[in-house]
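S.K.: what shape does this take:
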Amino acid sequence: QVQLVESGGGLVQPGGSLNLSCAASGFTFSLYFMNWYRQAPGKERELLGAIAPVGGMPSYTGSVKGRFTISRDNAKNTVYLQMSRLKLEDTATYFCEAVPTDLAESPLTYWGQGTQVTVSS
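M.R.: Residues are numbered from 1 along each chain as shown. Below is the predicted model:
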């Protein structure tokens, strides 16, 4: 059974930090690109960044570049999103996505259920 489970969300003050995790199971994690997205109420889902399956440098979109860091631990089947200098506008539900490489056992893309991050004073 394929699962992506995000955790680590919560309430944080502006300027604070929060670390999210996305634990994968049921597929060969090291054969998948991992992406982080977020979606605020009334807005479209926004891609934050991505990390290649093995040894790749993460890439980020403009809105979080320099404040967020994506990393992964293939031994733990987990991808991380470290968020710093959080702003009110970072409030959203955060999701991870697994996108298969050509070597993956399935062509399907997987999503987690999301974790809520609220930035408020």
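S.K.: and Gly42, how far from Ser7?
M.R.: Distance of Gly42 to Ser7, computed by CB to CB, to the nearest Å: 25 Å. Where C-beta positions appear, they are placed from N, C-alpha and C, glycine not excepted.
S.K.: now Tyr110
M.R.: Distance from Tyr110 to Ser7, by CB to CB: 16 Å.
S.K.: among these two, which residue is more densely surrounded?
M.R.: Tyr110 (18 against 13; other CB atoms under 10 Å).
S.K.: I'd guessed the more buried one sits against Val2; true?
M.R.: Yes - using CB atoms under 8 Å, Tyr110 is in contact with Val2, at 5.4 Å.
S.K.: determine the residues that are contacts of both of those two.
M.R.: Common neighbours of Tyr110 and Val2 (criterion: CB atoms under 8 Å, 6 or more residues apart in numbering): Phe27.
S.K.: brilliant, that's me finished.
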